[in-house]
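In: Take a look and give me a structure for this.
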Amino acid sequence: MAGERMHPKGYMRKISRNALWTMIFGLLALAAPGRGFAQDPPPPPPDKPADPADKPTPPKTNADNATQNATEQPKWDPLRAEKDMQVGEYYMHKGDLDAAIDRFEDATVAKPGYAVPFRFLGEAQEKKGLKKQAIKSYQRYLDLYPKAEDKDKIQKKIEKLYKDVEKEKKSM
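Out: Below is the predicted model:
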């Protein structure tokens, strides 16, 4: 075989035969049913318009689905909470307690598990005379941060606020 020479006509027959089979299989593949090509025209439109009753109905939603009220849910944004804290402290030093309270409340919503805004919120509420709210804010601070360095000081403030609230109840 290595020394055997192929006749030029035999070589041509082999090439022609291979080319012929390639063309046949290629044509068969193109003519196979169910195959779509980019050159095929789109299917004809339906004879009549779709009946409104045939349209799929949207799935029913559950009334107590948590995602339904997603806009009311707190949004976790620690950077916004830090900014709210800075601005709230600025308002406290300026003496605008209402603005400070608003900012500290925003910080508690932006980062609910963060204890520090509750302490500042309690201070602002206490200065404004909102004693019951201050007690709640201070208590929330201690609940979130039970090992706070100023725990004793905050507990004394809570006790004093309780006494003040009791005095106000008795005087009414």
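In: low-scoring stretches of the chain, by residue?
Out: Scanning the chain with the threshold set as pLDDT under 70 gives 1-74.
In: Which residue ranges of it form strands?
Out: For the chain, no strands are identified by DSSP state E.
In: can you pull out the helices in it?
Out: 8-30, 78-94, 97-110, 116-128, 131-144, 151-171 (DSSP state H).
In: Turn those helices into TSV, columns for mean neighbour count.
Out: To be clear about C-beta, it is placed using only N, CA and C from the backbone, and glycine gets the same treatment. Below are these laid out as TSV (neighbours: other Cβ atoms under 10 Å):
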stretch	mean neighbour count
helix 8-30	10
helix 78-94	16
helix 97-110	20
helix 116-128	22
helix 131-144	18
helix 151-171	13
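In: quick one, phi psi at Ala115?
Out: Backbone geometry at Ala115, expressed as degrees, to the nearest 10, gives phi -80, psi -40.
In: From Asp164, how far out is it?
Out: As judged by Cβ to Cβ, to the nearest Å, Ala115 and Asp164 stand 24 Å apart.
In: With Arg119 instead?
Out: Distance from Arg119 to Asp164, by Cβ to Cβ: 19 Å.
In: residue contacts, Asp84?
Out: By Cβ atoms under 8 Å, 6 or more residues apart in numbering, the residues touching Asp84 are 103-104, 106-107, 110, 117.
In: residues making contact with stretch 165-172?
Out: So stretch 165-172 is contacted by 131-132, 135 (Cβ under 8 Å, 6+ apart).
In: Closest one of these to Leu97?
Out: Of all the contacts of stretch 165-172, Leu97 sits closest to Lys131, with 13.6 Å by Cβ to Cβ.
In: surely that closest one meets Leu161?
Out: Yes: taking contacts as Cβ atoms under 8 Å, Lys131 lies within contact range of Leu161: 4.9 Å.
In: residues touching Lys151, list them.
Out: Leu142.
In: which residues touch Arg140?
Out: Contacts of Arg140 (Cβ under 8 Å, 6+ apart): 115, 118.
In: show me the contacts for Gly88.
Out: Contacts of Gly88 (Cβ under 8 Å, 6+ apart): 99-104, 107, 117, 120, 124.
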